[in-house]
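Participant: Kindly return the folded structure for what I paste below:
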Amino acid sequence: MSSTFFLGCKTDSVDGIILEYTLVSHQEYSVNKQIVSLIKLSLKKDSEAFNKLIHFPNIDGEGSYDLGYIITQIIYRIGEIETIKMLNDFDKRELNNLRGMIRVGLEYGDNNYDGKMDETYVKDEFPKLFKYINEKLNN
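Facilitator: Modelled structure (predicted):
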């Protein structure tokens, strides 16, 4: 059973992936349905959906931080190796964008759920993914 909750017409969690209020409150219901779908498909290791999620349009800078937090939660859930497998067809622009999303998701997200921003770094949290992205970007 899905663990999706609705606050009025807004989603705040998708299969255990927390969506910060700022992101979902600034979008219409139809847009939130799109993000829910992309999250669910990304959790099923759908590379195209993960790419669309990384490039999902958001309203403002804070929405980007929230989206980065979603990305890091997905990576934690499916693991570095499975994430790397999904990146095979990503070009340098897409990988660079992903790296930025991971950075803000780790720095400003609460991936350990202690109620505080984590302020962690890609190279420490996802060393295999960090190495993979950097090698691809430097080739």
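
Participant: which helices and strands sit right next to the host helix or strand of residue 48?
Facilitator: Assigned by DSSP states H and E, residue 48 belongs to helix 47-54. Identification of packing neighbours for helix 47-54 by 3 or more C-beta pairs under 8 Å, 6 or more residues apart in numbering; DSSP states H and E yields helix 29-43, helix 61-78, helix 80-86, helix 92-108. All C-beta spots, glycine's among them, are computed from the backbone N, C-alpha and C.

Participant: can you pull the buried residues of it?
Facilitator: By 16 or more other C-beta atoms under 10 Å, the buried positions in helix 47-54 come out as 47, 49, 50, 51, 52, 53, 54.

Participant: So which residues make contact with that helix?
Facilitator: For helix 47-54, the surrounding residues in contact (C-beta atoms under 8 Å, 6 or more residues apart in numbering) are 35, 37-39, 41-42, 67, 70-71, 74, 83, 85-90, 94, 97-98, 101.
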